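S.K.: Sequence and predicted structure, then a few things I'm wondering about:
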Amino acid sequence: TVQGGKAHSHYCHRAFCPICQRIQTAQNVKKFLPVMKYLASEGREFYFVTLTLQNCVTDDARVLRAFMRRCNRMWADGIRTKHKFRSLGISGVIKKECTYHVVKKDLFSFHYHFHIIVDSLEAAKYVGQGFQPPAEKDVVEFAKKHKDKSAKRGEQFFMDNFGLKVKATNVVGSGKGVEVFVHCDDHDIVFNASIPFDKSII
């Protein structure tokens, strides 16, 4: 319908509707932008961090809900409540998103992730390195034993593939291998990232 020069419609408001997702994103921007502008005027800097895990591929909503709950606990219990995180005294906002694509009929790949904006580089590094799935004891020990070799492998990956010099900041056991966290400040490009490696290629 059109009233007063404006078009009005009814939307489904479902979480996985791409149209409603865009509307929700615009509403969130409108809500948070004034706060961000005010803090920027006070001289605060901001760092954008995306926390993500391997996709959940399933055709069962119960499996997806369980996966999302595990991710939420990793944030709530594994990062937010730790003393180091609280001692940073940071300000920021967090937004959870779940996108998906169709693998085949009745099978979907769900990409659940967190977008976080924090006001210190130390906090950005910390939340990124604190977000990974629990690893088996042998994987943790492997990461410790091959820390230097894994770090060099991670740094070389970014040089070979993107021509960027990065510095490895941490190496942890993750899944069935290691995950190398890096910081880049090269060619006016600044970011934090991580890349997983299987034990067989370290």
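M.R.: Happy to help now that I have it. Numbers count the residues shown, from 1 in each chain.
S.K.: Spell out, range by range, the strands that occur in this structure.
M.R.: Remark: strands assigned in the chain by DSSP state E are 2-3, 6-7, 47-52, 56-58, 92-104, 107-118, 166-174, 177-186, 189-198.
S.K.: Direction included, what does the second one pair against?
M.R.: In this case it means strand 6-7. For strand 6-7, sheet partners with direction are given as strand 2-3 (antiparallel), following DSSP bridges.
S.K.: So which residues make contact with the strand it pairs with?
M.R.: Contacts to strand 2-3, defined as C-beta atoms under 8 Å, 6 or more residues apart in numbering, come from residues His8. The way it works is simple: take the backbone N, C-alpha and C, and place the C-beta from them, glycine included.
S.K.: How far off centre is it?
M.R.: Chain-centre distance of strand 2-3: 41 Å, with C-alpha atoms, centre = their mean, to the nearest Å.
S.K.: What average pLDDT does it get?
M.R.: Taken as a whole, strand 2-3 carries a mean pLDDT of 74.
S.K.: Point out where this structure drops to low pLDDT.
M.R.: Low-confidence segments of the chain (pLDDT under 70): 1, 15-16, 78-86, 90, 127-135.
S.K.: tell me the centre residue of it?
M.R.: Using C-alpha atoms, centre = their mean, the residue of the chain that lies closest to the mean C-alpha position is Leu51, 1.2 Å off.
S.K.: Specify the beta-bridge partners of it.
M.R.: Here Leu51 shows beta-bridge partners Phe114, assigned using DSSP bridges.
S.K.: From Phe158, how far out is it?
M.R.: Computed with C-beta to C-beta, to the nearest Å, the distance linking Leu51 and Phe158 is 19 Å.
S.K.: and of the strands of the chain, who's closest to Gln24?
M.R.: With respect to Gln24, and counting by C-beta to C-beta, the nearest of the strands of the chain is strand 92-104 at 9.5 Å.
S.K.: tell me the angle that closest one makes with strand 47-52.
M.R.: 40 degrees (axes from the mean of the first three to the mean of the last three C-alpha atoms, to 10 degrees).
S.K.: Strand 92-104 pairs with which strands?
M.R.: The strands that strand 92-104 pairs with in its sheet are strand 107-118 (antiparallel) (by DSSP bridges).
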